[in-house]
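Asker: Pasted the sequence and its predicted model underneath.
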Amino acid sequence: MDPELLNEIRDSVIKAPHVRELDDVRAKATCDSAASRFIEDVSATWWWESIRGPFRAMNYDGADAFSVLRSNIGDLELVRLVVTDDEPQPWPVFEGPLEEILVVLQETRYFEYFLVPGVNDGGRWIVFDTHHNQLVWAGEMGASTLEK
């Protein structure tokens, strides 16, 4: 993981009172859970290219990806942000309310990541933000508004 990027994210997280970085054990468990539910080939550089089962994708070039995330994720109390940025695992994972996670994303330079529900939701969905300015969704959530 690029140490400068990780420091930038951590600096932004300091300003988000309810966001915390998960320890290595919980971060690995988050990634393992997402992989077992949604990913065919965990060795793939971009997991969004290896999604098991149906998925939807939406190009957001020029649009506000964060408003799309808000409207489709809804009032979920906690989400987990997994910072992948074209790097192999292990990946850092941050947990917090969706609104605070979105602020962290807005305050940092672009990087690839995925979001999954926080610990209380059971991993029903996953959404990737790709380097193609595309959101890729899988699982059970309000993705019906997204184009295929």
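Answerer: In hand now; what should we look at? Numbering: from 1, shown residues only.

Asker: so where's the chain uncertain?
Answerer: For the chain, applying pLDDT under 70 flags the ranges 62, 75-76, 120-122, 141-148.

Asker: Would you map the helices across it?
Answerer: Using DSSP state H, the helices of the chain run over 3-14, 24-38, 65-73, 98-107.

Asker: was I right about residue 130 contacting residue 48?
Answerer: Yes. Between residue 130 and residue 48 there is a contact under C-beta atoms under 8 Å: 5.5 Å. Glycine gets a C-beta too; all of them are placed from N, C-alpha and C.

Asker: Give the residues shared as contacts by the two.
Answerer: By C-beta atoms under 8 Å, 6 or more residues apart in numbering, residue 130 and residue 48 have these common neighbours: residue 136.

Asker: and the two? which has more neighbours close in?
Answerer: residue 48 (25 against 17; other C-beta atoms under 10 Å).

Asker: any idea how far residue 118 is from that one?
Answerer: Counting by C-beta to C-beta, to the nearest Å, the gap from residue 48 to residue 118 is 21 Å.

Asker: OK, contacts around residue 85?
Answerer: Residues in contact with residue 85 (C-beta under 8 Å, 6+ apart) are 1-2, 5, 111-113.

Asker: Next, format the residues you listed as TSV and append distance to residue 56 and neighbour count.
Answerer: Listed next are the contacts of residue 85 as TSV, based on distance: C-beta to C-beta, whole Å; neighbours: other C-beta atoms under 10 Å:
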residue	distance to residue 56	neighbour count
1	28	17
2	29	12
5	28	17
111	22	19
112	18	19
113	18	21
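
Asker: from those, which is closest to residue 20?
Answerer: Using C-beta to C-beta, residue 113 comes nearest to residue 20 of the contacts of residue 85, at 16.2 Å.
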